[in-house]
Structures are given as C-alpha cells and as structure tokens.
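Q: Dropping a prediction and its sequence here:
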Amino acid sequence: MTVLLPRDKTASRDGARKAAPKAAAQASRNIDAPHIATGDIKPAKDAKKVFIKTYGCQMNVYDSERMADVLAPIGYAPVDVPDHADLVILNTCHIREKAAEKVYSELGRIRRHKTDNNPNMKVAVAGCVAQAEGEEIMRRAPVVDMVLGPQTYHKLPEMIAKVHRGTGEVLETEFDTLEKFDELSTHRNPKGFSAFLTIQEGCDKFCTFCVVPYTRGAEVSRSVAQITAEARSLAAKGVREITLIGQNVNAYAAEGPDGSQWSLGQLIEHVALIGGIDRIRFTTSHPRDMDDELIRVIGAQSKLMPYLHLPIQAGSDKILRAMNRDHSYEHYKNLIAKIRASRPDIALSGDFIVGFPGETEADFEATLKCVEEIGYASSFSFKYSVRPGTPGASLPRQVPEDVKSDRLKRLQDLLYAQQTAFNKSLIGRTLPILVEGTAREPGQLFGRNPYLTGTHFFGDEALIGQIVNVTITEAGVNSLIGDLAP
C-alpha cells in the first residue's frame with residue numbers, strides 16, 4: 001500500500017509518487033451520464049452529500065455502487081447533482097484518449113463551482129485515470145483533494161478523515177485486491193431486477209493497446225463464498241438476472257467449498273442453484289481463457305443466457321501479434337465453432353480496434369473478412385488512439401487519422417448491417433423478456449430478451465419484474481417491438 005498523507009497544498013508537489021504508466025485505448029462501452037449508487041446502511045438525517053459521476057465500463061458502475069456502500073456508514077448520502085455536495089467523486093475511465101480530457105474538463109467546472117458557491121466541497125478522482133495519471137491530476141487540477149486507484153476505494157473513509165484533519169492531498173493508488181474484496185459488504189441495494197456482480201479483477205495478458213494491467217493490476221479472483229453470499233442477497237432483494245463481471249472474467253480461479261480450485265464454469269453452475277436467480281450472464285472474456293469446461297457449461301446450463309461477448313480486436317494475425325493477443329484468427333474461429341456446436345442459439349458480440357500501428361489495407365480487409373465469416377449480433381468498434389508511455393504508442397507506422405476514420409465507418413457499416421439482420425431474424429419468434437419498467441409511450445413496457453436486446457411491448461405495469469413471453473413483430477438496429485404472448 002502506498003499512501004501520501006495530507007499536506008499543505010501550497011507545498012511543492014515534487015515528492016508525489018509517480019503513478020502507473022500511461023496506457024492506450026481498449027474498446028469498451030462508455031457511460032456518459034452520472035451513475036449514482038446507494039449504500040446499504042442509511043445515513044443519519046443530517047447526512048453529508050456525495051455525488052458520484054461514473055465514466056466507462058460495467059466494472060466502474062459496480063465500483064461506484066461500492067463506494068456509496070462504504071461511505072454510507074460514515075454519514076454520506078448519494079445525490080444526483082453536485083451543486084451542494086460535500087464530496088464529489090469522479091470515477092474515471094482511461095480507455096480512450098478523450099476520456100481523460102473529459103475528466104479534466106469536468107474538474108475545471110467543479111473548481112469554478114467550488115470557488116464561487118461551495119468552498120467546503122471535497123473532490124476525489126477515482127478509477128483508472130487516477131491510477132494511471134495520479135501525479136498529473138494533482139499537478140493539473142489543484143481542486144482535487146484525493147486520488148485513489150481501483151483497488152483502494154474501500155479506504156475512502158480513512159482518506160476522507162485525513163483530508164478533514166488538514167488541508168492537502170491524498171494519493172493512494174495501490175492496494176491488495178484480496179483485501180479490497182474482504183472489506184466490501186456482500187449486501188447491496190440493487191436498483192432493478194438485474195445486477196452486476198464482480199467475481200474477478202485485473203488482467204495478466206498485457207495487450208499492447210490496453211490500460212487494464214497497469215490500472216487494475218494482476219488477475220485476482222474473489223472467493224466463491226463471497227460471490228455466493230452477494231448473489232443470495234441480491235436474489236432476496238428481487239434481482240432475477242446477474243451478470244458476473246471482471247476485466248478477464250473467464251480467467252476466474254478461486255477456492256471452492258470443496259477445497260479445490262473452481263473455474264468460471266463451476267461457479268456459474270453453483271450460482272445457478274440459488275433460488276430467485278433465473279438468468280446469468282458473464283463479461284468480458286478473453287479467447288485465451290475460453291476452456292472446454294466453460295464451453296460445456298454454455299451449452300448445458302439453461303439459466304446462462306445465449307449471448308457471449310468475446311472480443312477479437314482484429315482479423316489479421318500480424319496485427320494480433322502486434323497487439324500481443326497471443327492467439328490467431330484461426331484459433332478464434334475454431335473456438336467460435338466449438339461454442340456454437342455446444343449452444344446453437346448463441347449470439348455473439350465482439351470488440352474491434354481499427355488503425356492499430358502498422359495496419360495496412362490488407363490487414364483491415366482481414367478484419368472485414370473475420371466479421372463476415374463469424375457474424376455478430378452486436379459489437380463495439382473504435383479507432384486506435386495513441387497514448388504516451390504505452391507499448392502501442394511507440395510502435396512504428398502509426399495510421400493517419402483520416403484512414404482510421406474511413407476504416408471505422410466501413411467496419412461499422414458491416415457490423416450494423418449484421419446487427420440489424422440478427423434482430424430481424426427474431427421477428428415471429430416468441431422470446432422470454434425480463435420486464436424492467438415502463439417505456440416512453442403510455443401503456444408500453446420495456447425489457448430485455450436473452451440476447452440483451454431492448455424490447456418494447458404493451459402490457460400491465462404489474463408485469464414489471466416478471467419474465468414474460470413476447471412475440472417479436474418489428475426490429476430495428478438497436479431494439480425490438482413485440483406483442484405480449486397469450
């Protein structure tokens with residue numbers, strides 16, 4: 001553990017510890033709107049207010065919820081605007097180049113608001129930008145009181161206490177992941193009928209474009225007992241669908257109740273036994289860790305939804321080697337064939353990066369061929385962006401921006417066409433829908449099908465929280481419309 005204790009902000013910052021190396025972009029779903037989590041322990045009536053804004057992936061959403069959990073016992077209640085907050089936390093993402101700049105822009109707005117309206121506000125930067133750019137954040141944004149990496153947010157109460165004992169900064173970006181898991185409550189207040197559940201953190205793969213090994217650390221798995229306790233708690237509070245998440249979720253390996261080391265496949269079958277849990281998903285996976293046992297469970301476990309996110313990033317073996325993916329396109333294609341043989345109704349999702357250094361037109365054409373041969377129901381695709389200090393940034397033959405933009409459009413045109421075709425293939429089918437709430441149109445409900453596609457239909461609000469059968473009548477690129485089946 002590394003802690004820089006509070007000190008006078010007028011003092012020199014030269015002694016601040018260097019943060020982890022800067023890292024490059026990895027394809028990921030981005031969340032632009034703030035996500036506010038609620039803690040399990042209700043704060044007192046005179047509670048302080050905390051505003052948490054989340055950037056990035058599902059893991060960051062989960063982490064924000066847990067920060068709210070650990071702050072509740074010391075009197076902090078979540079609010080959905082920062083105006084009168086006692087504490088503002090930006091839970092950051094370092095995935096793409098503009099993500100960090102968004103954080104600095106937000107800090108600029110917070111600084112002005114604090115100076116003009118709320119001088120006692122404390123500001124914290126958490127997550128992957130904090131891990132990778134801790135010293136830079138302190139240099140560029142003096143408004144920040146605390147910087148904490150992804151493994152340290154359970155230490156927030158201690159850090160806040162130190163800040164309140166004096167003026168200054170706290171820089172803490174390293175902490176043992178297992179200790180973090182031990183400190184976290186297994187009881188949460190979920191917001192709906194589906195919930196994320198962290199089972200693993202970190203990655204040992206060191207792809208040359210990826211920030212995770214630097215900001216999340218080595219692969220560490222949470223114990224089966226902790227995961228089971230949290231899943232049971234979620235089920236007791238009405239959650240019917242659980243998504244097991246981790247940076248490299250299918251690398252899961254932890255001691256099971258029988259004393260042996262359990263894999264993700266064994267864990268899924270164990271969680272499936274919990275009453276009330278009707279649906280299970282997992283994300284994000286790496287092709288190198290997709291073993292035969294997991295493929296068997298994908299086919300055998302009915303509660304596991306037929307939807308798999310398995311990134312490949314590129315179709316060219318040359319580019320895959322430059323990315324340090326440690327698998328070929330042929331390996332990936334054979335893996336998909338085995339998965340589809342085990343679960344014929346599986347729908348695939350993938351990640352793609354275009355314009356990686358050295359990518360030629362022939363390499364890009366190989367990615368298009370990959371997409372055509374595999375076929376995807378959904379996808380996430382991005383242009384590679386250079387980040388100083390990462391292996392990818394120092395590679396020769398960086399691809400011009402206009403070329404990357406052209407390739408991204410061509411790739412997305414193909415991917416969106418496949419997504420639309422998949423959705424249209426569902427017309428006429430009757431699918432089970434987990435009803436999540438009401439839609440915009442009066443009398444219309446909204447839910448998700450086994451393939452994670454948003455589905456709209458008319459029905460009574462009493463159906464919210466239930467799994468109902470809906471016959472699909474219309475399909476677009478991002479959603480479906482149907483009729484409640486009799």
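A: Ah, there it is. Being a predicted model, the structure only gives us computed values, none of them experimental. Residues are numbered from 1 along each chain as shown.
Q: what's the weakest-modelled helix or strand in the protein?
A: strand 170-172 (a mean of 48; mean pLDDT, DSSP states H and E).
Q: who does the longest helix along the chain touch, helix- and strand-wise?
A: Scanning the chain for the helix with the most residues, using DSSP state H, yields helix 401-425. If you count contacts as 3 or more CB pairs under 8 Å, 6 or more residues apart in numbering; DSSP states H and E, helix 401-425 packs onto strand 347-354, helix 361-374, strand 378-383, strand 467-475. Placement of C-beta: from N, CA and C, glycine included.
Q: so of those, which one's packed in deepest?
A: Ranked by mean neighbour count under mean count of other CB atoms under 10 Å, the helices and strands packed on helix 401-425 are led by strand 347-354, which reaches a mean of 24.
Q: Off-centre distance for that strand?
A: On the basis of CA atoms, centre = their mean, to the nearest Å, strand 347-354 sits 15 Å off its chain's mean C-alpha point.
Q: hey, what's Ser378 bridged with?
A: Ser349 (DSSP bridges).
Q: buried sites along the next helix-or-strand element following the longest helix of the chain?
A: Downstream of helix 401-425, the next assigned helix or strand under DSSP states H and E is strand 430-438. By 16 or more other CB atoms under 10 Å, the buried positions in strand 430-438 come out as Leu431, Pro432, Ile433, Leu434, Val435, Glu436.
Q: Adding pLDDT and distance to Glu372, write those out as a markdown table.
A: Listed next are the buried residues of strand 430-438 as a markdown table, based on pLDDT from 0 to 100; distance: CB to CB, whole Å:
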| residue | pLDDT | distance to Glu372 |
| --- | --- | --- |
| Leu431 | 98 | 26 |
| Pro432 | 98 | 30 |
| Ile433 | 98 | 30 |
| Leu434 | 98 | 32 |
| Val435 | 98 | 36 |
| Glu436 | 96 | 34 |
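Q: Of the residues you listed, just say which sits nearest to Asn189.
A: Nearest to Asn189 among the buried residues of strand 430-438: Glu436, at 16.7 Å, using CB to CB.
Q: So the closest one versus Thr453, what's the distance?
A: Separation of Glu436 from Thr453 (CB to CB, to the nearest Å) stands at 13 Å.
Q: Tell me, what's the model's pLDDT at Val220?
A: Model confidence at Val220, expressed as pLDDT, equals 90.
Q: hey, where'd the helices end up in the stretch 151-300 of the chain?
A: With DSSP state H, counting those that start in this stretch, the ranges of helices along the stretch 151-300 of the chain come out as 156-164, 177-183, 212-215, 224-236, 264-271, 292-300.
Q: Determine which stretch of those is the most buried.
A: Of these, the one with the most neighbours on average (mean count of other CB under 10 Å) is helix 212-215, at a mean of 24.
Q: tell me the average confidence for that helix?
A: Averaged across helix 212-215, the pLDDT comes to 69.
Q: hey, where'd the helices end up in the stretch 1-150 of the chain?
A: 58-71, 97-116, 128-140.
Q: re earlier: just how off-centre is the longest helix of the chain within its chain?
A: 23 Å.
Q: and the helices of the stretch 151-300 of the chain, which one is worst for confidence?
A: When the helices of the stretch 151-300 of the chain are ranked by mean pLDDT, helix 177-183 comes last with a mean of 61.
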